[in-house]
Structure formats: structure tokens, C-alpha cells
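A.B. asks: For reference, the sequence and a predicted model appear below.
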Amino acid sequence: MIVFLHAVSLTFALSVLWILLSGYLDHALLLYLGAVSVVLCVVISWRMGLLDREGHPVELVFRGLLYWPWLGKEIVLANIDVAKAIIGWGGAAPDPTMFDVRASQKTAVGLVTYANSITLTPGTVTVAAEGDRLTIHALTSGAVEGLAGGEMDRRVRWFEGTRISDGRIPEGGA
Amino acid sequence: MIELVLDAVTALFLLAGCILLLIGGFGLLRLPDAFARLHAAGMIDTLGLALILVGLMFQAGLTLVTVKLGLIAVFVLYTSPVVSHALARAALAGGFRPGARHVVLPDPSSPKSLPSGSGEGRAP
Amino acid sequence: MFAAATAALLVVMGCALLRALLGPTVYDRILAMNSFGTLTVLMIAVLGFLSGRPEFLDIALVYALINFIGTIAVCKYVMFTDLGSPTRGPEWDDI
Amino acid sequence: MILLTDVILMLFMVATAIALVFVRNLFAVIMLSGIFSLTASLLYLLMDAVDVAFTEAAVGAGIATVLGLATLGIIGVQDEKPQQRSSLGSFVVVLITGIVLIQAANDMPAFGDPDAPIHRHVAPRYIEQSGEEVGVPNIVTSVLASYRGFDTMGEVMVVFTAACGVLVLMGRTRKPDDYPEEDYREDIDPREGSSDFVPKDDDESVRS
């Protein structure tokens, strides 16, 4: 009953969000209204079929705790790179290029994570994603080299986990 | 004493964030076309925003304000790549061609063989 | 400290506004508006601390989400020139 | 510093407004009015009108932009060139109205004045007793939802009617050949009670 698990996790997340945003723990009326809102949201998501593992990948959180700090480090480095290119520090200059990379992820969540991680690091933007081929627009040559190294691709592949078989992307679909 | 340290840390983060934001804003004006400016906007959306929010978090201490600042950062960090991608895609679909060289990476399946420079196999 | 951050934010907002005024393409304007939105979120946060009442952050939260929806709607409009029908033809998926 | 921020934000608004007058591309107009709304919401925030700023950000910058785009989907992007005729008369009317408004604003109590008439009538009761009488921590909420409940209900009805009207108008964007009237009706059988509004697969003309 995987849907039930996702419903529980969504209920938990929404309740925590409500309490954090309202800040009133001892106010019966507000807690009651919050409970009604949460239940309504969960029921509507259930009816709309949003409670699948693509929309709400609970089981990836723990791997994410290791992946996101690495992504944060990459974002910091990429920001410095782009900032240098913009102000022309040390002869750096913007050098826009377009190129393709192949994404080796097997699940839709993994592919989306990879494409969004590429976009999130400044200097590279995923312009198009067709099948497993991502078209990238890069601002600096450093960004091109960083992506061509394939480190992010490997890490996202680890992040998605390979044991999950649903949501496969057809191989070589371009 | 601890107040002073927190103030100093906040000032440091805010200073770094403001410098990044200013460079990003400068990039919005200076870079040649919309695709290149996407990267400058990306700087504002990622590290500039994160640094300033983290700086404010040190000032807020362990309160709900910190949680809200964190939520803002998480929301923006989740949505900003989607926006950038949608914008780039819409621009490409609308027939806007970026002024960029096209580069073919050597072989995507064996990423070990890196190009030492960026200009490998350039196409017009 | 917060005053300096406010000043820097105002300058960057001016840059984004200038980009929105100058154009030249539609995409520059969308990008400028999106950046302006992010800067507004930051401005709300910093102003809350500047005036000593950081409880106003809820509106920054709302705005962070509204900005996303607005920009996606804009990009969808630019791609399909219509918000009603999901796709124009078989070659483009829904964004 | 707050005053300086006020002034600069107002300058942004003036620049945006002037650009709005001269730009002929309606898409750019929508983008600029979004920026205008954002600046306005910041100004409301600086004036401590948080609820107004909230509404301005959500409605002015969010929903109005989307509705404007939906309208563009119907009418196209390019505005017509205005006829070149003298608009001196309108300018004089605008000028006089502006002078009258500024004159009227001088008679109003100062911003934040505790002795202003509006702060002496019912506001003290709202501030002191709304917590016990209504039981909601937010005073603005208790005023809107309880003290002025009937008023708010009327407003909500007006807004709902307006939203329905807008949605009916927006529903006209579908091309007639995309959804043939007869086929479309047959696809949805209200007695089935399903939430499936997607046309059936055998109807290929819908998807083309």
C-alpha cells in the first residue's frame, strides 16, 4: 500500500508546515482549522492521483542528505566562476557555448534531479531534455569542463538508486 | 560577546551576498543575450539569495523566523531551475537563437577522456 | 548593516528594472521580472529586520511561490500563445 | 533609511509607469505592470499594511499577470498605433484632478497619527477585545471575518461572480475545430460521475 505511505508522509509534512507557519500550538480553533486544511489537501491530492513516488519521493530523502551538501559546494564554486566571468577577473570572460550531454539515470526522478542540478549551478542551464540527451547552454569554459567530467552524473545516479524499476526512461530515445 | 560574534557573522554573510547580487545585477545589464543573462539571474537566485537568508538566520536565532527563512530558501532553490529551464525552452521554441558556439564533447559514454581546453571539435 | 543590504538590493533592483525597460527581446523582460521577484522576496526579508519586526516573512513566502507560478504561466504563454489548451502540436510537451 | 527606500521605490514606480505609457508591445506591458505591482507591495509593506501587501503580491503580481496573459492569447500582442491627435484636453483634466487630489490629501490626518478619527471610533475595541470576543490571534482576520462578516461575504460573492465571468470568457480561447461541439458533449456524461474530463481515445480529431 505505497499510496497510503505517501499519504501519511504528505499529511505529516503539511501538518508540520502548518504549525511552523502559524506558530500557535495551544490555540484549539487554529489547530482544528489546520487539521481540516491538511485533510482536504491530502484527499484532493489522492483523488488527483498525485500521491505517487514521482511527486513525493520519500525514500530518497536520506540519500539526498548526502547529495545536497555536495550540490551546495558545486553551486558555490560555480557562482564564483560566473562572477569572475562577469566582472572579467583575471582575464576571464563570458564564452557562451551549447553542447549535449548524455544522462545515464534510469528513473524520471533521477533525470529531473540531474537536469535541475545542472540548471541550479550557475554557468550551465539545461535548455532541452529529449530522452537521455540534455542540451546545455554554458557561460564559461570552466562550467563545460566541470560537466564533462561526469561527476554530477555519477552522483545523481547514486542518488536515485538503481534498484527501482518503475518510471523507466526508454533507452536511446532522442 | 556572543551578540557581537553573531553580528559579525551576519555582516560577513550579508556582505558576500550583496557583492554577489551586485555582480549578478551587473551581469543582467552587461551580458550579451538572454541566454547568457540567465546565468546572471541564476547567481541572484542561488548563492546571492542563500547567503543573505543565511545571514539573516544568524540574526534571528533559533526562532520560527529562521524556519521561515529556510523555507523561503528551499522554495526558491526548488523553483528557480524550473523557471530557468522553462524560460530557456520557451526562448528556443520561440525561434530565439543564442549567440553561442556549438561544442561537441568527445564521447559522452566515456567521460574520462576530458577535453583539456574548451574548444574541442568546435562547430560553427 | 541591514541598511547597506537594503541599498545594495535597491541597486540590483534598479538593474533588473533597467533590463525590463530595455528589453530587447520578450525573454529579457521575463527574466528581469523573475529576478525582480526574487529580489523583492529578499527585500521583504531584509526590510523586516531593518524595521525590527521580522514577522512579516509570510508575505515573502507567498511571493516566492507566486513568482514561480507567474513565471511558469508566462513561459507557457510564450511557448503556446495560449493558456487554455495544454499543447499546440505533437512536437512540444506540456511545460 | 526607510524614507530613502520609500523615495527610491516610488522612483521605480514612476519609471515603470512612464515606460508603461510608451511601450507598444502588450506583453512588455504585462511584465512591467507585474514589476509595478511588486514595487507597490513593497511600499505597502513599508507602510505597515501587511495584509494589503499580501493581497497586492498575490493578486496584482500573480493572478493579474496570468489573466493578462490569457487575454493576450485572445487579442494578440501588438497594440495599435495611437491616432496622432492633440490630447491637451485630457492632460488638463488629469492635471486638475491631480491637483484636487493632492489638495484633498493635505486635509487628511498625518500618516500613523493616533488621533486620527479612524483610530478613535471602533479601532480601540478591535485591538483590545477582539482576542476574547472572536478568538483569532490576527486582528485583521477577526475584523474581516467576524465584525464585518456580512460585508466580507458580499465582497466574496462579488469576487466569485467576477471570477466565474472571467473563466467563462477565457473558455472561449479553444478553437472551434479543436473541440467539435457535438463530439465534446458526448464525451462527458455527467451521470457517470467520474472526474475524467479527458476526451476518449477513439476520438482522434480531438488530439490533432
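C.D. replies: That came through fine.

A.B. asks: element containing the closest residue to chain C within chain A?
C.D. replies: Closest residue of chain A to chain C, Cβ to the nearest Cβ: residue A:21 (6.8 Å). Every residue, glycine included, has its C-beta placed from N, CA and C. Assigned by DSSP states H and E, residue A:21 falls within helix A:2-22.

A.B. asks: If we go by neighbour counts, what in that helix is buried?
C.D. replies: A:6, A:7, A:9, A:10, A:14, A:15, A:18, A:22 (16 or more other Cβ atoms under 10 Å in any protein chain shown).

A.B. asks: Check stretch A:151-163 too.
C.D. replies: For stretch A:151-163, by 16+ other Cβ under 10 Å, it's A:152, A:153, A:155, A:156, A:157, A:159, A:160.

A.B. asks: Closest one to chain B out of the residues you listed, please.
C.D. replies: Checking the buried residues of stretch A:151-163 against chain B by Cβ to the nearest Cβ gives residue A:153 as the nearest, at 7.3 Å.

A.B. asks: The one helix or strand residue D:53 maps to near chain C at all?
C.D. replies: Using DSSP H and E, the element containing residue D:53 is helix D:50-55. Yes: Helix D:50-55 is in contact with chain C by Cβ under 8 Å from any Cβ of the partner chain, via D:50, D:53, D:54.

A.B. asks: looking only at pLDDT, what's the mean for that helix?
C.D. replies: Computed over helix D:50-55, the mean pLDDT rounds to 84.

A.B. asks: For it, name the packing helices and strands.
C.D. replies: Applying 3 or more Cβ pairs under 8 Å, 6 or more residues apart in numbering or on different chains; DSSP states H and E, one finds that helix D:50-55 makes contact with helix C:57-80, helix D:26-46.

A.B. asks: Can you mark which positions in the helix or strand in which residue A:128 is found are buried?
C.D. replies: Element membership of residue A:128 [criterion: DSSP H and E] is strand A:124-130. By neighbour count with 16+ other Cβ under 10 Å, strand A:124-130 contains the buried residues A:124, A:125, A:126, A:127, A:128, A:129.

A.B. asks: Report the backbone C-alpha coordinates of it in PDB.
C.D. replies: Below are the C-alpha coordinates for strand A:124-130, written out as PDB (Å, rounded to 0.1, in the frame of the first residue of the first chain):
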ATOM      1  CA  THR A 124      25.100  25.900 -17.000                       C
ATOM      2  CA  VAL A 125      21.400  25.800 -18.000                       C
ATOM      3  CA  THR A 126      19.500  22.800 -19.300                       C
ATOM      4  CA  VAL A 127      17.900  24.100 -22.400                       C
ATOM      5  CA  ALA A 128      16.200  20.900 -23.700                       C
ATOM      6  CA  ALA A 129      15.800  17.400 -22.500                       C
ATOM      7  CA  GLU A 130      14.900  14.700 -25.000                       C
END
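
A.B. asks: Return the distance of the helix or strand following it from the chain's centre.
C.D. replies: Sequence order places strand A:133-138 as the next helix or strand after strand A:124-130, per DSSP H and E. With Cα atoms, centre = their mean, to the nearest Å as the basis, strand A:133-138 stands 17 Å off its chain's centre.

A.B. asks: can you tell me if strand A:133-138 touches chain B.
C.D. replies: Yes: counting by Cβ under 8 Å from any Cβ, chain B has neighbours in strand A:133-138: residue A:137.

A.B. asks: Those residues of chain A touching chain C, which are they?
C.D. replies: residue A:21.

A.B. asks: Give me the below-cutoff pLDDT ranges for chain A.
C.D. replies: A:1, A:53-59, A:162-174 (pLDDT under 70).

A.B. asks: Where do the domain boundaries of it fall?
C.D. replies: Domain assignment for chain A, taken from automatic domain parsing, gives A:2-47, A:60-160.

A.B. asks: Would you mind finding the most buried of those?
C.D. replies: domain A:60-160 (a mean of 20; mean count of other Cβ atoms under 10 Å in any protein chain shown).

A.B. asks: Nearest to chain D within chain A, name that residue for me.
C.D. replies: Closest residue of chain A to chain D, Cβ to the nearest Cβ: residue A:29 (5.8 Å).

A.B. asks: Might one say that that residue is in contact with residue D:138?
C.D. replies: No: with contact defined as Cβ atoms under 8 Å, residue A:29 does not reach residue D:138; the gap is 11.6 Å.

A.B. asks: which residues in chain A form helices?
C.D. replies: In chain A, the segments counted as helices under DSSP state H are A:2-22, A:28-47, A:61-87, A:108-120, A:141-148, A:151-160.

A.B. asks: Which of these sits closest to residue B:9?
C.D. replies: helix A:61-87 (16.8 Å; Cβ to Cβ).

A.B. asks: Tell me what angle that closest one forms with strand A:124-130.
C.D. replies: Here helix A:61-87 runs at an angle of 120 degrees relative to strand A:124-130 (axes from the mean of the first three to the mean of the last three Cα atoms, to 10 degrees).

A.B. asks: starting at the chain centroid, how far to helix A:61-87?
C.D. replies: For helix A:61-87, the distance to the chain centre is 13 Å (Cα atoms, centre = their mean).

A.B. asks: What is that helix packed up against?
C.D. replies: helix A:108-120, helix A:141-148, helix A:151-160, helix B:2-30, helix B:34-43.

A.B. asks: repeat that for 6 Å
C.D. replies: helix B:2-30, helix B:34-43 (3 or more Cβ pairs under 6 Å, 6 or more residues apart in numbering or on different chains; DSSP states H and E).

A.B. asks: Please identify the most buried of those.
C.D. replies: Taking mean count of other Cβ under 10 Å, helix B:34-43 is the most buried of the helices and strands packed on helix A:61-87, at a mean of 27.

A.B. asks: OK, contacts around the closest residue in space to residue D:13 that isn't next to it in sequence?
C.D. replies: With Cβ to Cβ, 6 or more residues apart in numbering or on different chains as the criterion, residue D:13 has its nearest non-adjacent residue at 5.0 Å, and that residue is residue D:39. The contact partners of residue D:39, by Cβ atoms under 6 Å, 6 or more residues apart in numbering or on different chains, come to D:9, D:12, D:13.
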